[in-house]
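[1] Predicted model and sequence follow; I will ask about them next.
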Amino acid sequence: MLPLSLLNAAQNKPMLVELKNGETCNGHLINCDNFMNITLRDVYQTNSDGDRFWKLKECYIRGSTIKYLRIPDILLDAVKEEQVRAREVGRNTRGAHAGGPGNRGGRGASTRGGRGRGGPMRGGRGRGRGVQ
Amino acid sequence: MSSLQGYVDRRVLLILQDGRAIVGVMAGFDQKSNVVLSDSKERVYSMEEGVEEIPLGLYLVKGDMIILIGELDETLDQAVDLATIRAEPIPPIRY
């Protein structure tokens, strides 16, 4: 499982983010991107000694300054289940397009026959369709 | 090409740049060596008392911070009584 897919699934969930300078931010994830830049809402920020606190309505954290994120345990199972479901859906839709279950080789042979992938062949097919 | 794929679903030890030692099951990783650990615990070493294990749960560690990742021999690890271990903690990296 990719770390970023886990993070994406963590939107609107509470999390703890520790920065490289030791500061921590506790809040709910609003959004994130592929650099792991994140925005949090209702944030409690602490300094690196953990003896000073700030309350922020919202904050943006540059991904490169993050040391780690602590995420609710249940998210792992949620993402795993989601991946299984996505795989099932993918398999079913692919099956429908191919006119039933079958392996790739079989599908390729039935739709393309022995024509191959040459440019002239494709052109020929295009003309044929136009006439119809 | 070196890869972390062989560590997936195995219990691993992470050493971070700040000297922390974290054990957990590697649930995933990416190109930048960002790592997802499930059921993770920090092991705090000291000379005064035995190793303290702090449960951390699900952790996403940035690849930048990771110094090493090693697979744990679980039977060997369980045979060790952490309460009897005395060791200096690893100091953080100094630049």
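    Nice, I can see it.

[2] C-alpha from now on. contacts and neighbour counts both.
    Noted.

[3] Please enumerate the strands of chain A.
    A:14-19, A:24-32, A:38-46, A:53-61, A:66-71 (DSSP state E).

[4] How about chain B?
    Counting by DSSP E, chain B has these strands, from start to end: B:11-16, B:21-29, B:35-44, B:52-61, B:66-71.

[5] Any buried residues in the helix or strand of chain B with the lowest mean pLDDT, and which?
    Lowest mean confidence among the helices and strands of chain B (mean pLDDT, DSSP states H and E): helix B:74-79, at a mean of 93. Going by neighbour count (16 or more other CA atoms under 10 Å in any protein chain shown), nothing in helix B:74-79 comes out as buried.

[6] Residues contacting it, please?
    Contacts to helix B:74-79, defined as CA atoms under 8 Å, 6 or more residues apart in numbering or on different chains, come from residues B:R11.

[7] and A:L19, how many neighbours?
    20 (other CA atoms under 10 Å in any protein chain shown).

[8] Next: A:F53.
    Count around A:F53 with other CA under 10 Å applied: 13.

[9] what do you get for B:F29?
    The tally of other residues near B:F29 (other CA under 10 Å) stands at 24.

[10] List the contacts of it.
    A:1-3, B:4, B:35-36.

[11] returning to that earlier point: using JSON lines, please lay out the strands of chain A together with distance to chain B.
    Shown next, in JSON lines, are the strands of chain A (distance: least, CA to the nearest CA, whole Å):
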{"stretch": "strand A:14-19", "distance to chain B": "9"}
{"stretch": "strand A:24-32", "distance to chain B": "14"}
{"stretch": "strand A:38-46", "distance to chain B": "13"}
{"stretch": "strand A:53-61", "distance to chain B": "14"}
{"stretch": "strand A:66-71", "distance to chain B": "4"}
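
[12] Same list (the strands of chain B) but as CSV, adding mean pLDDT.
    Output for the strands of chain B, formatted as CSV (pLDDT from 0 to 100):
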stretch, mean pLDDT
strand B:11-16, 96
strand B:21-29, 96
strand B:35-44, 96
strand B:52-61, 96
strand B:66-71, 96
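
[13] I'd like those laid out as JSON lines, including distance to A:I71.
    What follows is the strands of chain B, written out as JSON lines (distance: least, CA to CA, whole Å):
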{"stretch": "strand B:11-16", "distance to A:I71": "18"}
{"stretch": "strand B:21-29", "distance to A:I71": "13"}
{"stretch": "strand B:35-44", "distance to A:I71": "10"}
{"stretch": "strand B:52-61", "distance to A:I71": "5"}
{"stretch": "strand B:66-71", "distance to A:I71": "18"}
